[in-house]
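**Q** Build me a model from this:
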Amino acid sequence: MLVLLPPSETKSVGGVGPALDLASLSFPELTPVRERVAAALVALADDVPASLAALDLSERQVDEVERNAALFSTPTRPALERYTGVLYDAMAIPAFTKAQRRRADARLAVASALFGIVRAADPIPAYRLSGASVLPSLGSLRSAWKPTLEKTLSTVDDLLLDLRSGAYATLAPIPTAITVRVVTEDAAGRRKTVSHFNKAYKGRLAAILATAPREPTTLRGILSLAAGAGLQLHPVTPTSLDLVVTP
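**A** Take a look at the predicted model:
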């Protein structure tokens, strides 16, 4: 199976890996689009005011533009360690054993406005670009990514759990993927979407599925692993699940 994680606006800094080599990343069929998006992002960094506007940044975030300018010269680190925030904190990645990390590297991927999709171990630098951004020389990222990325994601694995957020899901819809909605349930059984705990619970679920000794290959396998870890995961349709939580 493959669990497709959302990226995060925040990234860890530094790294000890070599400079970015787009051709070395997983899913090489995406390289031509990656090259176009990366070139547009680096070129935009030459104009700081235009970069701040296009990336919806404040003047206090000029360092984000500087990272984009140095995209091909700064050190890299594995994607699973580059992205930060609530979801990634909830996964408790530093606590993975070596065996768990190997499983996670094989089962996890991260959606990206810059790279389309990268596997957990792919070495990437820090950067700033969101799925809703419009690069002046390129246009919308959806128009750049959809044709190629949609094809890649539709054939990437027999069982795909799509945890992407809205802006990234629209870059390349995957009709056959299983999606997860985090909800609460009242005494009458009515369910309401949760926003505050959404990322944390999805992170917990991703870690459970990514590190399990036996890889789930069916929806039933996903449900069984979740139940064993104390998560209430319920089918809604053949391609959608509700994760019922207590606020």
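**Q** so how far is residue 242 from residue 3?
**A** Residue 3 sits at a distance of 17 Å from residue 242 (criterion: Cβ to Cβ, to the nearest Å). Placement of C-beta: from N, CA and C, glycine included.
**Q** for residue 95, same thing?
**A** Going from residue 95 to residue 242 by Cβ to Cβ gives 27 Å.
**Q** and if you look at residue 45?
**A** Residue 45 is 42 Å from residue 242, by Cβ to Cβ.
**Q** The closest residue to residue 194 other than its chain neighbours bridge partners, please.
**A** Spatial nearest neighbour of residue 194, excluding adjacent residues (Cβ to Cβ, 6 or more residues apart in numbering): residue 182 at 4.6 Å. Beta-bridge pairing of residue 182 under DSSP bridges involves residue 243.
**Q** Residue 182 - how many residues pack around it?
**A** 20 (other Cβ atoms under 10 Å).
**Q** close enough to count as contact, it and residue 241?
**A** No. Residue 182 lies out of contact with residue 241 (Cβ atoms under 8 Å); the separation is 9.9 Å.
**Q** Helices along the chain, start to end?
**A** Assigned by DSSP state H, the helices in the chain fall at 31-44, 48-54, 62-69, 79-82, 86-91, 98-107, 141-155, 166-169, 198-211, 219-228.
**Q** mean confidence for the first one?
**A** Averaging the model's pLDDT scores along helix 31-44 yields 98.
**Q** try the fifth one
**A** In this model, helix 86-91 has an average pLDDT of 97.
**Q** How far off centre is it?
**A** Relative to its parent chain, helix 86-91 has a centroid offset of 12 Å by Cα atoms, centre = their mean, to the nearest Å.
**Q** now the second one
**A** The gap between the average C-alpha position of helix 48-54 and the chain average comes to 24 Å, counting by Cα atoms, centre = their mean.
**Q** Only the C-alpha atoms, please, for that helix, written as PDB.
**A** Output of helix 48-54 as PDB, limited to C-alpha atoms (Å, rounded to 0.1, in the frame of the first residue of the first chain):
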ATOM      1  CA  VAL A  48      11.600  39.500  -3.700                       C
ATOM      2  CA  PRO A  49       8.400  41.600  -3.700                       C
ATOM      3  CA  ALA A  50       6.900  39.400  -6.500                       C
ATOM      4  CA  SER A  51       7.900  36.300  -4.600                       C
ATOM      5  CA  LEU A  52       6.200  37.500  -1.400                       C
ATOM      6  CA  ALA A  53       3.100  38.300  -3.300                       C
ATOM      7  CA  ALA A  54       2.900  35.100  -5.300                       C
END
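**Q** Could you name the helices and strands sitting against it?
**A** Packing partners of helix 48-54 (3 or more Cβ pairs under 8 Å, 6 or more residues apart in numbering; DSSP states H and E): helix 31-44, helix 62-69.
**Q** hang on, the earlier thing: tell me which of residue 95 and residue 242 has more neighbours.
**A** residue 242 (17 against 10).
**Q** Need the per-residue pLDDT for that one.
**A** Residue 242 is assigned 97 on the pLDDT scale.
**Q** and what of residue 20?
**A** Confidence at residue 20, expressed as pLDDT, is 98.
**Q** Identify the residues contacting the nearest residue to residue 30 once chain neighbours are set aside.
**A** Leaving aside its chain neighbours, residue 30 sits nearest to residue 116 (4.5 Å; criterion: Cβ to Cβ, 6+ apart). Residue 116 is in contact with 27, 30, 33-34, 145, 148-149, 152, 171-172, counting by Cβ atoms under 8 Å, 6 or more residues apart in numbering.
**Q** And those residues, which is closest to residue 7?
**A** residue 171 (11.0 Å; Cβ to Cβ).
**Q** Counting neighbours, what do you get for the closest one?
**A** The burial count for residue 171: 24, using other Cβ under 10 Å.
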